[in-house]
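**Student:** Need the 3D shape of this:
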Amino acid sequence: MGRWNGDPILIAALALAAVAFYRLADADPRQRRFFAAAWALALFLFVSPLCALTSALFAARTVHHVLLTALVAPLLAIALASTVRPPRGGLALWTVAHTLAFWVWHAPPAYAWALSSNAAYWLMQASLLVTAWGMWAHIRTAPMPMGIAALLAMMVQMGLLGALLVFNSGALYAPHYLTTQAWGLSPLEDQQLAGLIMWAPAAGLYLGGALWLLARWFVAEEHEVAPR
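**Tutor:** Numbering: from 1, shown residues only. Below is the predicted model:
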């Protein structure tokens, strides 16, 4: 129980976000459900003991970032669809921006800096979430082939980053040099586990999204052809 994050600023921010959303008159019940799911998942990520575990294990940090960008962000994109326009710039721009944010923050120097202060930490989290939301918001409105291509590109880059971590011969993340042993892992094993998470389940989330869009595309094409 002592590992739950009771930061009053964080709790207040989450509460204000919920109040602000539910006061929006044009939020329909479906959007409210998606926002509730995103809010509950954010609560789990930043308040539950998982948040403390990310300070010890890079693999836990990877799970945290994947859930934030591949689940919370698309849920928010759906929840805010009728109240917040997609940010300026097209799908390609936001896909590149999110890819860059993901790679930059997982570069060892930037990652170490992110864990050196609260401001840097929240900058990392905010930039990952905002760029992911921008990408998912544009996937909702872009032509389906473009959305499929963006998700496949995310799958490839996630798998590539994961492979680089798995096959690297040394541990790269200094903040975890002395924190993994209590969990029965060496720093290198922790890094390799994180790479496997990116390589398989994380990349699989984007592949699943691409296949879902592809199925919707086929159904739409069938409906267009059937009357003819």
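**Student:** Please give me every residue in contact with the residue lying closest to Gly204 once chain neighbours are set aside.
**Tutor:** The shortest distance from Gly204 to any non-neighbouring residue, by C-beta to C-beta, 6 or more residues apart in numbering, is to Met155 (7.8 Å). Every C-beta, even on glycine, is put in place using the N, C-alpha and C of the backbone. If you count contacts by C-beta atoms under 8 Å, 6 or more residues apart in numbering, Met155 has them with Ala203, Gly204, Tyr206, Leu207, Ala210.
**Student:** Which ones among those lie within helices?
**Tutor:** Ala203, Gly204, Tyr206, Leu207, Ala210 (DSSP state H).
**Student:** Please report how far Ala142 lies from Trp105.
**Tutor:** Distance, Ala142 to Trp105, by C-beta to C-beta, to the nearest Å: 25 Å.
**Student:** Next: Met158.
**Tutor:** Plainly put, Met158 is 14 Å away from Trp105 if you go by C-beta to C-beta.
**Student:** And Ala174, by the same measure?
**Tutor:** Using C-beta to C-beta, Ala174 is found at 15 Å from Trp105.
**Student:** Give me the three-state assignment for Ser116.
**Tutor:** Using DSSP: H, G, I helix; E, B strand; the rest coil, the structure places Ser116 in coil.
**Student:** which other residues reach stretch 187-195?
**Tutor:** 57-59, 61-62, 161-168, 170-173, 176-177, 180, 183, 185.
**Student:** cutoff 6 Å now
**Tutor:** With contact meaning C-beta atoms under 6 Å, 6 or more residues apart in numbering, stretch 187-195 is reached by Leu57, Phe58, Ala59, Thr62, Gly162, Leu165, Val166, Ala171, His176, Tyr177, Thr180.
**Student:** pLDDT score assigned to the last one?
**Tutor:** What the model reports for Thr180 is a pLDDT of 97.
**Student:** Pull out the buried residues from the strand or helix carrying Ala92.
**Tutor:** Using DSSP states H and E, Ala92 sits in helix 91-105. Buried residues in helix 91-105, counted by 16 or more other C-beta atoms under 10 Å: Leu91, Trp94, Thr95, Ala97, His98, Thr99, Ala101, Phe102, Trp105.
**Student:** that older thread, please report how far the residue nearest to Gly204 lies from Trp199.
**Tutor:** According to C-beta to C-beta, Met155 and Trp199 sit 10 Å apart.
**Student:** And Val96, by the same measure?
**Tutor:** To Trp199, Val96 is 21 Å away according to C-beta to C-beta.
**Student:** for the helix-or-strand element of the chain with minimal mean pLDDT, packing partners?
**Tutor:** Least confident helix or strand of the chain, by mean pLDDT, DSSP states H and E, is helix 203-225 with a mean of 86. Applying 3 or more C-beta pairs under 6 Å, 6 or more residues apart in numbering; DSSP states H and E, one finds that helix 203-225 contacts helix 144-167.
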